[in-house]
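>>> Take a look and give me a structure for this.
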Amino acid sequence: MAFEMHTVEVPSGLDGFSRSDRAIIGLVAIPYAAAAIGAFSTATVTFSEPLQLPYDVFFAPTADGTAFLVSQTPLSFTVQIQNRLNATVATAAGTIGALIVN
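Presented below is the predicted three-dimensional model:
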């Protein structure tokens, strides 16, 4: 069930949200597979309802890794995950958290 927000303020000089009547915020845990040294693990998240483009995705790795948003559509986004020391260490399977703001 969605929670309604009645007031959102965007200070002068900053970009607003993609919608003028609401902000959509959600959290998701994204499982990903292991990857070899020098390779990325790729994961795709799909939504049951479309979001307006563009939306922002902020990642919170649970391991010593980095994440990159590589594509987004109204119904999904794809992220690539790699170990921070990707040139010398393989990426272990895991889960990464994401905050989605639309």
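
>>> Please make it C-alpha for all contacts and neighbour counts, starting now.
OK.

>>> contacting residues for the closest residue to residue 51 other than its chain neighbours?
Nearest residue to residue 51, sequence neighbours excluded (CA to CA, 6 or more residues apart in numbering): residue 74, at 4.8 Å. Going by CA atoms under 8 Å, 6 or more residues apart in numbering, residue 74 touches 50, 51, 52, 53.

>>> Please indicate which of the residues you listed are buried?
residue 51 (16 or more other CA atoms under 10 Å).

>>> which one among the contacts of residue 74 gets closest to residue 13?
Closest approach between those and residue 13, by CA to CA: residue 53, at 20.7 Å.

>>> What about the residue nearest to residue 56 when sequence neighbours are not counted, how many residues nearby?
Excluding its sequence neighbours, the residue lying closest to residue 56 (CA to CA, 6+ apart) is residue 101, at 5.2 Å. By other CA atoms under 10 Å, the residues close to residue 101 number 17.

>>> So residue 101 is in contact with residue 57, correct?
Yes: at 6.5 Å, residue 101 and residue 57 qualify as touching, with contact defined as CA atoms under 8 Å.

>>> list residues touching both of these two?
With CA under 8 Å, 6+ apart, residue 101 and residue 57 have no common neighbours.

>>> follow-up on the earlier one: from residue 48, how far out is the residue nearest to residue 51?
For residue 74, the distance to residue 48 equals 10 Å [CA to CA, to the nearest Å].

>>> low pLDDT regions in this structure?
Within the chain, the stretches with pLDDT under 70 are 1, 3, 5-8, 14, 16-20.

>>> And the strands in it?
For the chain, the strands defined by DSSP state E occupy 25-32, 41-46, 56-61, 65-73, 76-83, 94-101.

>>> what packs against the longest one?
Translated: strand 65-73. In this structure, strand 65-73 packs against strand 56-61, strand 76-83, with contacts taken as 3 or more CA pairs under 8 Å, 6 or more residues apart in numbering; DSSP states H and E.

>>> same question, the third one
Strand 56-61 makes packing contacts with strand 65-73, strand 94-101 when contacts are defined by 3+ CA pairs under 8 Å, 6+ apart.
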